[in-house]
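[1] Could you work out the structure for the sequence below:
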Amino acid sequence: MIMSLYYARLTINGRGEDALQGRGASWGMGPFVRAGNGSIVWFSPVYFIHFLLVILAIMGGLDNKGMVKLILGDCLEVMKTLPDKSVDAVITDPPYSTPTVASFGRKIVKRLSDLAIQEFYFSAIKQEWERILKPSAPVFVFCDDAYYPVLFALFYSWHQTNLLIWDKGKIGMGNPFRRQHELIFYANRESIILADDVSYIPTIIKEALHKEYHAAEKPVAIIKRLIAGLVPCDSVILDPFMGSGTTGVACVQAGRDFIGIEIDPEYFAIAERRIKEAQAQGKLFP
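    Numbers count the residues shown, from 1 in each chain. Next comes the predicted model:
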């Protein structure tokens, strides 16, 4: 089966031989090939890596770090299909632009009632989370200063709430104030259990900003820091606003199970590709 799937050329005694086609060549240990005349020659490292990929494909891959389930659709509808108390944590970055109304294209009218749109939508999200989350499951939601009051009010009855600040290390757009940070809202119905090697979580987390796949992309590193300290191994992490799949990549690298939901087909395809690449890398370098 290996011979039918993979083909490599190897120079033996000055001429090209088909290393995997049985012409006097047989496998030895590790990256070696035994030639028909009994001599041992090195197998090309490039071919060797390719051969490993084939072996993984044949064997179904090594036991990968975590299950991954990606779903294209509306998160409100998809979450209704998830079992009760089946999720150990939520880490997500929803769209949080505050609605504004422009009167005749000249004057921007802002009303406190505008926030009711966000509150109505996220209250439906929260209702599903309360059903599918385990009692002590933490929730992390990236937000801005306008969205934070909505989240704080909605989750006020939960046992724990807090606010983390992501310091991007560089200023963004704005006049006269230019933001160098984003907010991460935290909530939990019970008390969170820290990892054995973590004594506290700083409320200011510094990670450099890198955008490659999404306009609102978050660093994989900051998601991994949240996972490492606050989400135990063998946990299922949900991201109902998956976007380009950053949370999924972090889960694969951290060895956690992941459920990702995304409504945009283009971003879903990007997330699927990124997470597959992370899984493949994990198989080669577990």
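[2] CA atoms for contacts and neighbours, from now on please.
    Noted.
[3] is it true that residue 268 touches residue 243?
    Yes - using Cα atoms under 8 Å, residue 268 makes contact with residue 243 at a distance of 6.7 Å.
[4] Just the CA atoms of stretch 174-183, as PDB, please.
    Extracted C-alpha coordinates of stretch 174-183, given in PDB (Å, rounded to 0.1, in the frame of the first residue of the first chain):
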ATOM      1  CA  GLY A 174      -8.800  57.100  16.800                       C
ATOM      2  CA  ASN A 175      -9.000  60.900  17.400                       C
ATOM      3  CA  PRO A 176      -8.000  62.100  19.800                       C
ATOM      4  CA  PHE A 177      -7.800  58.900  21.800                       C
ATOM      5  CA  ARG A 178      -6.100  56.000  20.100                       C
ATOM      6  CA  ARG A 179      -6.700  52.600  21.700                       C
ATOM      7  CA  GLN A 180      -3.800  50.300  22.500                       C
ATOM      8  CA  HIS A 181      -6.000  47.700  24.200                       C
ATOM      9  CA  GLU A 182      -9.100  45.500  24.000                       C
ATOM     10  CA  LEU A 183     -11.200  44.100  26.700                       C
END
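[5] hmm, who's touching it?
    Contact with stretch 174-183 is made by 142-145, 148, 163-173, as judged by Cα atoms under 8 Å, 6 or more residues apart in numbering.
[6] Show me which positions of it end up buried.
    Using 16 or more other Cα atoms under 10 Å as the test for burial, stretch 174-183 gives 181, 183.
[7] where does the protein have low pLDDT?
    Filtered on pLDDT under 70, the chain yields the residue ranges 1-65, 97-114, 213, 215, 282-286.
[8] can you map out the helices along it?
    Assigned by DSSP state H, the chain shows helices spanning 2-5, 45-59, 75-79, 115-132, 148-154, 220-230, 246-254, 265-284.
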